[in-house]
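**Q** Turn this into a structure:
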Amino acid sequence: MANRLRQTLDGRRDVNIAPDEDDFLMRVSIAQAEGDLPRAAALLASIHRVDSDFGILATQTYQAILERRPEQVIDRLKKAAATSDPALDPFKSELWLWLAWAQDVAGDHAAAQEKLAANTHDPGKLLEWTIGKPCRDL
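**A** The predicted model follows:
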């Protein structure tokens, strides 16, 4: 099945990807999962920074974490988490978690723990989130 998916995606590499296409984030996620970080980075580079789209911001953050350069997204995450934005407000808890993870990977473990303690009001959501994203085991 993975080979069929890769063949399908390989055949579509010449398509101009717009951030509003349904499969854009899926294609990036597949490249990340396959360990093809250059392909994921190329896909993400094809869009402009979109700080008000949680899916894109989270995917860009994950890419930065995988590439061991979380410093590039920490300020964006701080701003997004601290700013009132109707598009991002439903995702505030997740934004704080992404920020804490990025800070942890960047080596600022104290700030990461502080963010988690101060902004994680739903322990179930934290457990669900951390099970899928182990901090230092990448």
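
**Q** Which parts of the chain are helices?
**A** Assigned by DSSP state H, the helices in the chain fall at 2-11, 24-33, 37-45, 54-66, 71-82, 92-105, 109-119, 123-132.

**Q** hey, which of those helices is tucked in deepest?
**A** Stretch with highest mean neighbour count among those: helix 92-105 (a mean of 23; mean count of other C-beta atoms under 10 Å). (Glycine included, C-beta is placed from N, CA and C.)

**Q** So for that helix, mean pLDDT?
**A** Helix 92-105 shows a mean pLDDT of 91.

**Q** Could you tell me the angle between it and helix 54-66?
**A** Here the directions of helix 92-105 and helix 54-66 differ by 10 degrees (axes from the mean of the first three to the mean of the last three C-alpha atoms, to 10 degrees).

**Q** from the chain's centre, how far out does helix 92-105 sit?
**A** 10 Å (C-alpha atoms, centre = their mean, to the nearest Å).

**Q** Who are the packing partners of that helix?
**A** Contacts defined by 3 or more C-beta pairs under 8 Å, 6 or more residues apart in numbering; DSSP states H and E place helix 92-105 against helix 54-66, helix 71-82, helix 109-119, helix 123-132.

**Q** at 6 Å what do you get?
**A** helix 54-66, helix 71-82, helix 109-119 (3 or more C-beta pairs under 6 Å, 6 or more residues apart in numbering; DSSP states H and E).
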